[in-house]
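In: Test case, fold it:
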Amino acid sequence: IVWDVVRRYLQWRGYQVRYVQNFTDIDDKILNRARAESTTMEAVSERFIQAYFEDMTRLNVTEADEYPRATYTIDGIKRLIHELEHKGFAYPSAGDVYYSVRKFPEYGKLSGQKIDDRQVGASGRVTDTEEAQKHDPIDFALWKAAKSGEPAWSSQWGDGRPGWHIECSAMVRDRLGDTIDIHAGGNDLIFPHHENEIAQSEAVTGKPLSRYWLHNGMVNVGGEKMSKSLGNFTTIRDLLDKKGIDPMVIRFFVLQASYRKPIDFTDDAIAAAENGWNTLKDALLFGFKLKIDKEIEIDRTSSTVKEFETAMDDDFNTSGGLAALFSLAKELQREGNILVHEGKTEAEPEVLYAQWKTLVELAKVLGLEAQPEETIVGLSDQAIAAMVKERKAAKKAKNFAEADRIRNDLQAQGITLIDKPGGETIWHR
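Out: Model (predicted):
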């Protein structure tokens, strides 16, 4: 959610953004899950990737421009490992290949940790066998020799698969080049994962891997990190389906705090976010009561816009951005109440319409959007299914303009379509 907002805001300010989000689709944890379910690594990865897409669509998270996967970048991974070995930063050992951490003098510059403080075996990705094969306990695996029953790829070091850290360096280089503008991720990845990415990439290119590093805080429950090991976790799917929480409430909850800080997930916090969203939602629906329908450019010099920009320019301060929206929302709600009870407003309708358009546009930068209830419930399930069928026929006939029109018509009525592999389309209100 927070990286979606970062992207939306940069685009709103006029920047061209190429947004790439990678999937790690080969990893010890995925292989363990596949074994437990008597299935394949590919099946496990695909199931969770599709579930992710469905959940993010419902949360109004815009699709990335590209979604590279580790298994699609094997050639780039092997090439990067070869270059590291050629430059003396990597060495083979019993079919594995390891990165020699002490060869990279700047190791630790992102996290501030010293080499000898490195936590060996972080994230449960290192075994005792691997430790015995290293020249130094702090070295980490770039390539792992094939094991019975696991997927493997051929290489100059023997059959095997990539280590976790090298996958990300290779995907960045493959899709965005030697140096990127922003590298984002959870703050639990700063060390060792992002530190290792820097060491791998910069040892080969001699250039900074990223100009800026942004790290989000964790979701806590009762002051402890939400995790499966503590049994205190919940899923987006459960919140939306089982508890019936509005997706916009979840976005609102996340955006109330600085993206860098942890947020505490409690029933009270969600209830407070729901109240806040309902207040903003009422104001976002105000304009429909004015019965004005025309395209206008918002005033980018208005006090509300300036307040919003000032907050968001300060390290994407979404809390301050929301405060700017609420100042305008309260004014519109006051006029809305007068309109409901007296049938007219004190201000000129065109002025209020312009203010409402400003609120709608700024809220959309945060991914917060609302539609009138009568619009959302206006279409029956059967009518939606018929329109989905029409769209499918249009796509088959390569009439993509018509297919896009149907999708947009449904979106305007609060219906989101999700195209799945194999041609199936599902939808959500």
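
In: pLDDT on the one helix or strand residue 361 maps to, on average?
Out: Assessed by DSSP states H and E, residue 361 sits inside helix 349-365. Mean per-residue pLDDT for helix 349-365: 92.

In: So which other helices or strands are in contact with it?
Out: helix 2-12, helix 267-284, helix 286-289, helix 303-313, helix 318-342 (3 or more Cβ pairs under 8 Å, 6 or more residues apart in numbering; DSSP states H and E). Heads up, the C-betas are built off the backbone N, CA and C, glycines and all.

In: angle of it against helix 318-342?
Out: Angle of helix 349-365 versus helix 318-342, following axes from the mean of the first three to the mean of the last three Cα atoms, to 10 degrees, is 150 degrees.

In: quick one on the thing from earlier: kindly state which of the helices and strands packed on helix 349-365 is positioned closest to residue 397.
Out: helix 2-12 (32.5 Å; Cβ to Cβ).

In: quick revisit: JSON lines for the helices and strands packed on helix 349-365, including mean pLDDT and mean neighbour count?
Out: Listed next are the helices and strands packed on helix 349-365 as JSON lines, based on pLDDT from 0 to 100; neighbours: other Cβ atoms under 10 Å:
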{"stretch": "helix 2-12", "mean pLDDT": "98", "mean neighbour count": "19"}
{"stretch": "helix 267-284", "mean pLDDT": "94", "mean neighbour count": "17"}
{"stretch": "helix 286-289", "mean pLDDT": "80", "mean neighbour count": "19"}
{"stretch": "helix 303-313", "mean pLDDT": "97", "mean neighbour count": "17"}
{"stretch": "helix 318-342", "mean pLDDT": "83", "mean neighbour count": "17"}
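
In: Any buried residues in the helix holding residue 361, and which?
Out: 349, 352-360, 362-363, 365 (16 or more other Cβ atoms under 10 Å).

In: can I get the helices and strands packed on helix 349-365 in JSON lines with distance to residue 154?
Out: Below are the helices and strands packed on helix 349-365 laid out as JSON lines (distance: least, Cβ to Cβ, whole Å):
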{"stretch": "helix 2-12", "distance to residue 154": "35"}
{"stretch": "helix 267-284", "distance to residue 154": "50"}
{"stretch": "helix 286-289", "distance to residue 154": "61"}
{"stretch": "helix 303-313", "distance to residue 154": "49"}
{"stretch": "helix 318-342", "distance to residue 154": "47"}
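
In: For the nearest residue to residue 209 once chain neighbours are set aside, identify the helix or strand it belongs to.
Out: In this structure, residue 209 finds its nearest non-sequential neighbour in residue 201, 4.3 Å apart by Cβ to Cβ, 6 or more residues apart in numbering. Assigned by DSSP H and E, residue 201 falls within helix 195-205.

In: what helices or strands is that helix leaning on?
Out: By 3+ Cβ pairs under 8 Å, 6+ apart, helix 195-205 packs against helix 74-86, strand 96-99, helix 164-176.

In: so how far is the last one from its chain's centroid?
Out: Pointing back at helix 164-176 there. 17 Å (Cα atoms, centre = their mean, to the nearest Å).

In: repeat for stretch 162-175
Out: Per Cα atoms, centre = their mean, the centroid offset for stretch 162-175 relative to its chain is 18 Å.

In: try stretch 61-80
Out: So, by Cα atoms, centre = their mean, the centroid of stretch 61-80 is 15 Å from its chain's centroid.

In: Repeat that for stretch 171-181.
Out: Centroid displacement of stretch 171-181 relative to its chain, using Cα atoms, centre = their mean, is 18 Å.

In: and the end-to-end length of that stretch?
Out: Using Cα to Cα, to the nearest Å, the end-to-end distance of stretch 171-181 comes to 15 Å.

In: What lies in contact with that stretch?
Out: Applying Cβ atoms under 8 Å, 6 or more residues apart in numbering, the set of residues contacting stretch 171-181 from outside is 18, 20, 22, 66, 68, 70, 73, 76, 80, 183, 197, 201, 205, 207-212.

In: How about stretch 390-408?
Out: The contact list for stretch 390-408 (Cβ under 8 Å, 6+ apart) reads 387-388, 417, 423, 425.

In: And these, which of them are buried?
Out: Among the contacts of stretch 390-408, the ones that count as buried by 16+ other Cβ under 10 Å are 387-388, 417.

In: Helices of the stretch 1-150 of the chain, start to end?
Out: With helices called from DSSP state H, counting those that start in this stretch, the stretch 1-150 of the chain shows them at 2-12, 28-36, 41-58, 74-86, 128-133.

In: any chance of those in CSV, plus distance to residue 193?
Out: Conversion of the helices of the stretch 1-150 of the chain to CSV gives the following (distance: least, Cβ to Cβ, whole Å):
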stretch, distance to residue 193
helix 2-12, 16
helix 28-36, 14
helix 41-58, 19
helix 74-86, 15
helix 128-133, 17
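
In: returning to that earlier point: residues touching the residue nearest to residue 209, list them.
Out: Contacts of residue 201 (Cβ under 8 Å, 6+ apart): 169, 172-173, 178, 209.

In: same check, this time on residue 248
Out: Per Cβ under 8 Å, 6+ apart, neighbours of residue 248: 60, 277, 281, 368-370.

In: One more pass at 10 Å, please.
Out: 59-60, 273-274, 277-278, 280-281, 284, 363, 366-370 (Cβ atoms under 10 Å, 6 or more residues apart in numbering).

In: what stretches of this structure score poorly on pLDDT?
Out: Low-confidence segments of the chain (pLDDT under 70): 118-129, 336-347, 373-378.

In: run the last query once more with 50
Out: Along the chain, the parts satisfying pLDDT under 50 run over 120-124.

In: still on that earlier bit, now the helix holding residue 361, how far from the chain's geometric center?
Out: Centroid separation between helix 349-365 and its chain, computed with Cα atoms, centre = their mean, is 27 Å.

In: quick one, it and helix 267-284 angle?
Out: Going by the same axes, to 10 degrees, helix 349-365 is angled at 140 degrees with respect to helix 267-284.

In: Let me know the angle separating helix 349-365 from helix 303-313.
Out: Using the same axes, to 10 degrees, helix 349-365 lies at 10 degrees relative to helix 303-313.

In: Could you shift the numbering so residue one becomes 312, and keep it that way?
Out: I'll keep to 312 as the first residue from here, and by that count the last item is helix 660-676.
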